[in-house]
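>>> Structure for this input, please:
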Amino acid sequence: RAPYCLRAKKGGDQPTCRFFFPRPLFTDPVVTKEINHKSWLFSPARNQGTLNQCAPAITMGWMANTDIQPPTTLRAVLSYIGKYVSKPEKSSTSYTELQA
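As a prediction, the model looks like this:
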């Protein structure tokens, strides 16, 4: 069974990762189209092509694997805002109810 990220491009027979791994190596952080030729992506300095982008403070706070990709176009920002504001709010226990 092939990894779920592999996709064959139209007209091509060689499957590639839909998340663009392994990624090119950079000595400095860059915003580039070298990763995905259709859109600008942020890439931190990296010396390992299969390591995902992470922010140590967020990873420590979340205590789980995280993948950080800031939006680099107006369309991406608007899409993110649209998805965020249209998410249904999950009900949670209030702090005073937890104290009881």
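
>>> At which residues are the helices of this structure located?
Under the criterion DSSP state H, helices of the chain are mapped to 56-62, 74-85, 95-99.

>>> Figure out which of those helices is closest to K10.
helix 74-85 (23.0 Å; CB to CB). C-betas here are computed from N, CA, C, even on glycine.

>>> Let's have the helices of the chain in CSV, adding mean pLDDT and mean neighbour count.
Output for the helices of the chain, formatted as CSV (pLDDT from 0 to 100; neighbours: other CB atoms under 10 Å):
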stretch, mean pLDDT, mean neighbour count
helix 56-62, 81, 10
helix 74-85, 91, 10
helix 95-99, 74, 7
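
>>> between those helices, which one is nearest to A45?
helix 56-62 (13.6 Å).

>>> quick one: low-confidence ranges for the protein?
1-2, 95, 100 (pLDDT under 70).

>>> all strands in it, in order from the N-terminus.
For the chain, strands defined by DSSP state E occupy the ranges 6-8, 15-17, 30-32, 41-43.

>>> Of these, give the one that comes closest to Q53.
Closest among the strands of the chain, once you apply CB to CB, is strand 41-43, at 7.4 Å.

>>> Leaving out the residues flanking it, which one is nearest to F19?
Distances taken as CB to CB, 6 or more residues apart in numbering put C5 closest to F19, at 5.4 Å, once the chain neighbours are dropped.

>>> can you check K9 too?
That would be T16: by CB to CB, 6+ apart, it lies 6.5 Å from K9.

>>> which residues does that neighbour contact?
T16 is in contact with 6-9, counting by CB atoms under 8 Å, 6 or more residues apart in numbering.

>>> could those go into CSV alongside neighbour count and distance to V77?
Shown next, in CSV, are the contacts of T16 (neighbours: other CB atoms under 10 Å; distance: CB to CB, whole Å):
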residue, neighbour count, distance to V77
L6, 11, 30
R7, 13, 26
A8, 11, 31
K9, 10, 28
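
>>> my guess is I68 meets C54, correct?
Yes: with contacts counted by CB atoms under 8 Å, I68 reaches C54, the gap being 6.0 Å.

>>> Which among the helices of the chain is found nearest to I35?
helix 74-85 (14.3 Å).

>>> Please export the C-alpha coordinates of that closest one as CSV.
Only the C-alpha atoms of helix 74-85 are listed here, as CSV (Å, rounded to 0.1, in the frame of the first residue of the first chain):
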residue,chain,number,x,y,z
LEU,A,74,-4.5,37.7,0.0
ARG,A,75,-6.6,34.8,-1.2
ALA,A,76,-5.1,32.5,1.4
VAL,A,77,-5.7,35.1,4.2
LEU,A,78,-9.4,35.5,3.1
SER,A,79,-9.8,31.7,2.9
TYR,A,80,-8.4,31.2,6.4
ILE,A,81,-10.6,34.0,7.9
GLY,A,82,-13.7,32.6,6.1
LYS,A,83,-13.1,29.0,7.4
TYR,A,84,-12.3,30.3,10.9
VAL,A,85,-15.4,32.5,11.3
